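Asker: Sharing a model prediction with you, sequence too.
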Amino acid sequence: MLGRTFRKPESRSMYYKAFISDLDLLGLNSLALVTVISVFVGAVVTIQTAFNLDDPLVPDYYVAIATRESIILEFSPTIVSLILAGKVGSNIASTLGSMRVSEQIDALEVMGVNPASYLIAPKVLALVFFNPILIIISMFLGVLGGYVASMGGVMTVSDYVYGLTVDFVPYHITYALIKSFVFAFLIVTISAYYGFFVKGGAIEVGINSTKAVVSSSVAIIVSNYMLTNLLLV
Amino acid sequence: MIEVNFIHKAFGDKEILKGIDATFFQGKTNLIIGQSGSGKTVFLKSLVGLHEIDQGEIIYDDRALGALNNRERKALRTEMGMVFQGNALFDSLTIEENVSFALSMFSDMSLSERRDRADFCLQRVNLPNVHKQFPSELSGGMQKRVAIARAISMNPKYLFCDEPNSGLDPKTAIVIDRLLQEITQEFNITTVINTHDMNSVIEIGDHIIFIKDGTKAWQGTGEQILNTDNPEIVDFVYSSRLFQRIRENM
């Protein structure tokens, strides 16, 4: 399927239109969800870390370091991608599955359009392009959530801000972005596979959408371990 | 003209098409009839290349479908139009975008030229004021006409219709049948229609092929089918009380 997906487009303008539409559907439409989750998880991570490091020998700014590293290394790239696997993955699988059972994919084929390329390639490009942006926004908002929590009294705001700057390793951002590229590719291709090859009717579309979410989530978790081993160890 | 030579198609152990020979003529409405499950849809989808056949050959005006490379097959497909049983309209696109989709994909036409062509096709199927609506906002008969407009947008040489009347009331079904026949004659298209609707057979059947259990059991014209003594055809054609009464009065 990948071979058929990445072929020369029949019409650049039509593919560009599909790319813009997918950017909106898969990327921009996920922004609100990512915002809410990131702010609240950032706040909760800060409060829980402060609670667990409640020791006079540990300086308060360590809480901010732990929050920053948790969000940059794991929460934003991995957990947000897992959430997107549910939202975006089920959307892709059910859309393509519905198109398959209603013969819209056959209609494209009879017209001479390469349906795998026209329907999947713009989605892959859209999410691979937009997922890293979402992840950067999530990192910023997660840290902001911690800031808001620090204002609530778990630590001083100045300790929190100071902690954010201590021992900061820029490579961790690169590591997170590499993961987000890989995860975006996995989410779209796995979900598209399950949607594109549906056989049957509405029930099978539902079954395959569930399979798409489960499979892409497992793929994210396994590849997360492999990438971490490869890039951080 | 489309020639079909001894084609076979099986799914696993189940053989659906068992060596069908047929010819479909240009400028005529060629009908494939037969009971549900006789292999009509598999036959039609094999003709357009949606199913790869196991044996035999399909020849489009001296071009054997199986011998074409990817590029040639794509080029051939731009000469085809197809109306699917469930219409298969793209539900995220407006009617105008649906009709002009293939033009946007394959032609060098400007936006205004594509709009004019879409407008012409929609006028031709008597749907003048639906350009900005979405498929879900139209009735079944109107959706069918949009599907026909989309199928003729590229000036096809070959038009395929899978059960164009399914789900339509008798009056709308006749409107669709006559529209298909008019378009076939007007644009000199080789039209192949899958149907089990006997009204369509009598109304527009220039050339008819009867399929039973994956084989061609009979062929002839709309006139001949009413007078044949072939027991399988008689059993199929006169299965309804209405047609039995007609036969009694013939």
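Answerer: Arrived safely.
Asker: So which bits of chain B are right by chain A?
Answerer: For chain B, the residues in contact with chain A (Cβ under 8 Å from any Cβ of the partner chain) are B:45, B:48-50, B:74-78, B:80-82, B:84-86, B:88-92, B:101-102, B:104-106, B:154, B:160. The way it works is simple: take the backbone N, C-alpha and C, and place the C-beta from them, glycine included.
Asker: change it to 6 Å
Answerer: B:48, B:50, B:74, B:77-78, B:80, B:82, B:84, B:86, B:88, B:90, B:102, B:104-105 (Cβ under 6 Å from any Cβ of the partner chain).
Asker: element containing the residue nearest to residue B:170 when sequence neighbours are not counted?
Answerer: Take residue B:170 and drop its neighbours on the chain: the residue closest to it by Cβ to Cβ, 6 or more residues apart in numbering or on different chains is residue B:199, 6.7 Å away. Using DSSP states H and E, residue B:199 sits within helix B:198-204.
Asker: With only the CA atoms kept, save the lowest-mean-pLDDT helix or strand in chain B in CSV.
Answerer: Ranked by mean pLDDT, DSSP states H and E, the helix or strand of chain B with the weakest confidence is helix B:241-249, at a mean of 73. Output of helix B:241-249 as CSV, limited to C-alpha atoms (Å, rounded to 0.1, in the frame of the first residue of the first chain):
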residue,chain,number,x,y,z
ARG,B,241,-47.8,-11.6,-12.3
LEU,B,242,-47.8,-8.4,-14.3
PHE,B,243,-45.6,-9.9,-17.0
GLN,B,244,-47.5,-13.2,-16.9
ARG,B,245,-50.7,-11.3,-17.7
ILE,B,246,-49.0,-9.3,-20.5
ARG,B,247,-47.9,-12.6,-22.0
GLU,B,248,-51.3,-14.1,-21.8
ASN,B,249,-52.6,-11.1,-23.8
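Asker: Could I get the buried residue list for that helix?
Answerer: Across helix B:241-249, burial judged by 16 or more other Cβ atoms under 10 Å in any protein chain shown covers residue B:243.
Asker: which other residues reach that helix?
Answerer: residue B:238 (Cβ atoms under 6 Å, 6 or more residues apart in numbering or on different chains).
Asker: re the thing from before, now that we have the residues of chain B next to chain A, can you turn them into a markdown table and tack on pLDDT and secondary structure?
Answerer: Converted to a markdown table, the residues of chain B next to chain A look like this (pLDDT from 0 to 100; DSSP: H, G, I helix; E, B strand; the rest coil):
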| residue | pLDDT | secondary structure |
| --- | --- | --- |
| B:48 | 93 | coil |
| B:50 | 91 | coil |
| B:74 | 88 | helix |
| B:77 | 91 | helix |
| B:78 | 90 | coil |
| B:80 | 94 | strand |
| B:82 | 94 | strand |
| B:84 | 93 | coil |
| B:86 | 90 | coil |
| B:88 | 94 | coil |
| B:90 | 95 | coil |
| B:102 | 94 | helix |
| B:104 | 93 | helix |
| B:105 | 92 | helix |
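Asker: Neighbour count for those residues - can I get that in JSON lines?
Answerer: Formatted as JSON lines, these follow (neighbours: other Cβ atoms under 10 Å in any protein chain shown):
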{"residue": "B:48", "neighbour count": "21"}
{"residue": "B:50", "neighbour count": "18"}
{"residue": "B:74", "neighbour count": "16"}
{"residue": "B:77", "neighbour count": "23"}
{"residue": "B:78", "neighbour count": "20"}
{"residue": "B:80", "neighbour count": "21"}
{"residue": "B:82", "neighbour count": "27"}
{"residue": "B:84", "neighbour count": "24"}
{"residue": "B:86", "neighbour count": "18"}
{"residue": "B:88", "neighbour count": "24"}
{"residue": "B:90", "neighbour count": "17"}
{"residue": "B:102", "neighbour count": "25"}
{"residue": "B:104", "neighbour count": "17"}
{"residue": "B:105", "neighbour count": "20"}
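Asker: Which two among those are spaced furthest apart?
Answerer: Greatest spacing in these, by Cβ to Cβ: B:74 and B:86 (24.4 Å).
Asker: in the chain, which residue is closest to the centre?
Answerer: Since you didn't name a chain, this refers to chain A. residue A:81 (2.7 Å; Cα atoms, centre = their mean).
Asker: Please refer instead to chain B.
Answerer: residue B:161 (1.9 Å).
Asker: And the longest helix seen in chain A, what does it pack against?
Answerer: Criterion DSSP state H: the longest helix present in chain A is helix A:115-149. Helix A:115-149 sits against helix A:2-5, helix A:12-22, helix A:31-52, helix A:104-111, helix A:171-196, with contacts defined as 3 or more Cβ pairs under 6 Å, 6 or more residues apart in numbering or on different chains; DSSP states H and E.
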